[in-house]
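>>> Dropping a prediction and its sequence here:
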Amino acid sequence: MATVKVLFLILLWKTSFLHNEAGLVVFAPSPHRAQLGENFVLPCSFKVDDPSINIQFFATLWLFQGNEVLRLDNKGTLSQPRMSINQQDITKGIANMEIRNVTLSDIGKYRCIIIYSPQKEFKDIDLSVYATPLVKIEKVKKEDKTSSALCSVMGFYPRNISVEILMDGTIMEDSVLSEHRTNADGTYSVNKTWTIPTDVSPKMLSCSVRHETLSPSVQKDLQLGYEAFLHNEAGLVVFAPSPHRAQLGENFVLPCSFKVDDPSIIIQFFATLWLFQGNEVLRLDNKGTVSQPRMSINQQDITKGIANMEIRNVTLSDIGKYRCIIIYSPQKKFKDIDLTVYGKYYILYKHQTAMYVVNAPIIKAAST
């Protein structure tokens, strides 16, 4: 029995000794670039001479700008909310850290530390973050009846950018670049404008943008042509009968239609807004539709001159004044519509031996 015990102790000593001599090498390429908002994996791997990794000797730490943001050891995992590690990958020699929803605050130096007791090795990794600009070009009609080309460049990072406005392929040197605006997420936006001379009729306006995230540069074009200039003179008339009565609980359509002199409606010039008691409840333009939960519009009807708004499951809170606004740039017209709501309640009363049911309209009492 004593001999068996001695052999076991010798075997345990040899195993520990072999582990203590196990070589440890860490691999972590650098630098890296992540796109704003994506989930990005910072790679870090390691190799030991042990035939298999003994988890009880293992730990990994990730630091960001010198502060610990993630730790994995034989007690478990601790990490910052957006950072994580796949514990099952450790036995494969992988200690990558994932950063979810990358922000500009994640820019900086990371350190991947691997401990395979008693050895400790680390690698430093630099991370930068970029955001690609969104580009839009439009023609804007001013109150003094002059027009300008407006190029909007939004949500880019880093800060350096080049923006040019072109008329029919020629750069307009007298265009004006605005100051950079800093957005809530740390990205930047700028506008560039060019006043169109009254004696000039461009067929195409373009916005060309160069930024380090764009390869090659990006150019957005706005085709004007003869049809667009006819549009500037197109008449606009809005029709919206009033008042209306809706039954409590039904889906009710508030009618609003319009007519323009253009042979066909050019959507890029169109927008409709619905107001209720002076507050916007629905908007449809070339960027899409935004509305209150129970209110909607059929976008396909616009090309037919129909801008009706449907109210689903009418309630007494829907009583009031609505305004249908039609914008067919540069013109703007509106109509006001009054809506009342009615319903039924049932009164049961007994007269001698008979029971009677009376239907009566709901009356919304004024508050006192």
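That came in fine, so what should we check first?
>>> Can you give me the first-to-last residue distance of stretch 276-295?
Its start and end residues considered, stretch 276-295 measures 11 Å (Cα to Cα, to the nearest Å).
>>> That one: which residues count as buried?
Within stretch 276-295, the residues that qualify as buried are 276, 281-284, 295, counting by 16 or more other Cβ atoms under 10 Å. For the C-beta atoms, the positions are set from N, CA and C on the backbone; glycine is no exception.
>>> And those residues, which is closest to residue 102?
residue 283 (31.3 Å; Cβ to Cβ).
>>> Assign a three-state SS to that closest one, would you?
Counting by DSSP: H, G, I helix; E, B strand; the rest coil, the backbone at residue 283 sits in strand.
>>> now swap in residue 317 and tell me
When the structure is reduced to helix, strand and coil (three-state DSSP), residue 317 reads as helix.
>>> Could you measure from it over to residue 265?
Per Cβ to Cβ, to the nearest Å, residue 317 is found 33 Å from residue 265.
>>> Comparing those two, which residue is more hemmed in?
Comparing residue 317 with residue 265 by other Cβ atoms under 10 Å, the one with more neighbours is residue 265, at 17 against 9.
>>> Identify the residues contacting that one.
The contact partners of residue 265, by Cβ atoms under 8 Å, 6 or more residues apart in numbering, come to 302-303, 305, 328.
>>> In terms of residue numbering, what are the domains of the protein?
Following automatic domain parsing, the chain resolves into domains at 22-130, 134-223, 236-344.
>>> Columns mean pLDDT on top of these, output as CSV?
As requested, these are exported to CSV (pLDDT from 0 to 100):
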stretch, mean pLDDT
domain 22-130, 93
domain 134-223, 91
domain 236-344, 89
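>>> And the helices in the stretch 51-200 of the chain?
If DSSP state H, counting those that start in this stretch is used as the criterion, the stretch 51-200 of the chain turns out to lack helices entirely.
>>> Sketch out the strands for it, chain order is fine.
Along the stretch 51-200 of the chain, the stretches classed as strands by DSSP state E, counting those that start in this stretch are 58-64, 67-73, 76-79, 83-84, 97-99, 108-116, 119-130, 134-141, 147-156, 162-167, 170-171, 176-177, 181-182, 188-196.
>>> Just list what the fifth one packs against, helices and strands only.
Meaning strand 97-99. Counting by 3 or more Cβ pairs under 8 Å, 6 or more residues apart in numbering; DSSP states H and E, the packing neighbours recorded for strand 97-99 are strand 40-42, strand 83-84.
>>> and the closest residue to residue 134 other than its chain neighbours, how many neighbours does it have?
Using Cβ to Cβ, 6 or more residues apart in numbering and skipping the chain neighbours, the partner closest in space to residue 134 is residue 154 (4.7 Å). As a burial measure, residue 154 scores 16 neighbours (other Cβ under 10 Å).
>>> that older thread, how about the helices and strands packed on strand 97-99, which one is nearest residue 342?
Set against residue 342 and scored by Cβ to Cβ, these come closest in strand 83-84, at 57.2 Å.
>>> In its sheet, which strands sit next to that closest one, and in what direction?
strand 97-99 (antiparallel) (DSSP bridges).
>>> what residues does the partner strand touch?
When contacts are taken as Cβ under 8 Å, 6+ apart, the neighbours of strand 97-99 outside the stretch itself are 34, 39-42, 44, 62, 70, 82-86, 106, 110, 112.
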